[in-house]
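Participant: coords below, sequence missing:
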């Protein structure tokens, strides 16, 4: 996809704050330090549209990004971050669940996992949640550039087996450093637009 326009639109907590638009939406979910901001920036050819923080758990709201007046990326708070109170985590959980289960514009969730490690229990719970609610998933395994070529297939198999990825869901190997997987990710997203 040729990116002509990208803009941050709004941070929302409750449904009445979501943008009033018919554009299809793609939510980005994953652990706090999985590289969601880097993924967004790489996909949109921007250096700092989504702010990358050295402190995980920075995203605390649903952040809507308009792309080409055609679709939205919705960055949701990262999960599995320890330095947040239980109450705060529960509030995030509710906010994310409400969005994922009630938003008609949501086409798919881009679930980011770190290719270097087996998916965490939180990753598995998130994937199971998506399957339970019949929400399509595009699984993006990030940080591929950090793995030796000879080890790649082993790591891919661990991600597939741990999540028990279903046949209809795409698994994309991605690196925000090299751009590997960017075309495949856009192809998967565009598959929902036609």
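Facilitator: Looks like it arrived, so ask away. As the structure is a prediction and not an experimental result, all values here were calculated from the model.

Participant: Counting by contacts, list what the lowest-mean-pLDDT helix or strand in the chain packs against.
Facilitator: Using mean pLDDT, DSSP states H and E, helix 86-102 stands out as the lowest-scoring helix or strand of the chain, at a mean of 82. Under the contact definition 3 or more C-beta pairs under 8 Å, 6 or more residues apart in numbering; DSSP states H and E, helix 86-102 sits against strand 25-30, strand 62-67, strand 106-114, helix 121-132. Quick note: C-beta positions are derived from backbone N, CA and C, even for glycine.

Participant: closest to residue 1 out of those?
Facilitator: Between residue 1 and these, the shortest separation by C-beta to C-beta is 8.0 Å, and it involves strand 62-67.

Participant: got the helices and strands packed on helix 86-102 as CSV, with mean neighbour count, distance to residue 90 and mean pLDDT columns?
Facilitator: Shown next, in CSV, are those (neighbours: other C-beta atoms under 10 Å; distance: least, C-beta to C-beta, whole Å; pLDDT from 0 to 100):
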stretch, mean neighbour count, distance to residue 90, mean pLDDT
strand 25-30, 24, 17, 95
strand 62-67, 22, 16, 93
strand 106-114, 24, 20, 97
helix 121-132, 17, 14, 93
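
Participant: will you turn these into CSV that also has distance to residue 98?
Facilitator: Formatted as CSV, the helices and strands packed on helix 86-102 follow (distance: least, C-beta to C-beta, whole Å):
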stretch, distance to residue 98
strand 25-30, 12
strand 62-67, 10
strand 106-114, 11
helix 121-132, 13
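
Participant: and residue 145, what is it in contact with?
Facilitator: With contact taken as C-beta atoms under 8 Å, 6 or more residues apart in numbering, residue 145 is in contact with 175, 177-178, 180.

Participant: and the residues you listed, which are buried?
Facilitator: 175, 180 (16 or more other C-beta atoms under 10 Å).

Participant: Max pairwise distance over the contacts of residue 145: which two?
Facilitator: Among the contacts of residue 145, 177 and 180 lie farthest apart (C-beta to C-beta), at 8.3 Å.

Participant: List the contacts of residue 159.
Facilitator: Going by C-beta under 8 Å, 6+ apart, residue 159 touches 113, 115, 118-119, 139, 141, 165, 171.

Participant: Generate a ChimeraX selection restricted to the buried subset of these.
Facilitator: ChimeraX command restricting these to the buried ones, with burial defined by 16+ other C-beta under 10 Å:
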select :113,115,119,139,141,165,171
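
Participant: Can you flag which of the contacts of residue 159 belong to strands?
Facilitator: Cross-referencing the contacts of residue 159 against strands under DSSP state E gives 113, 139, 141, 171.

Participant: sorry, back to before: and of the helices and strands packed on helix 86-102, who's closest to residue 97?
Facilitator: Counting by C-beta to C-beta, residue 97 lies closest to helix 121-132 out of the helices and strands packed on helix 86-102; the figure is 8.0 Å.

Participant: Can you name the residues in contact with the closest one?
Facilitator: Helix 121-132 is contacted from outside by 29-31, 79-80, 97, 100, 109, 111, 113, 119, 136-137, 139, 162-166, using C-beta under 8 Å, 6+ apart.
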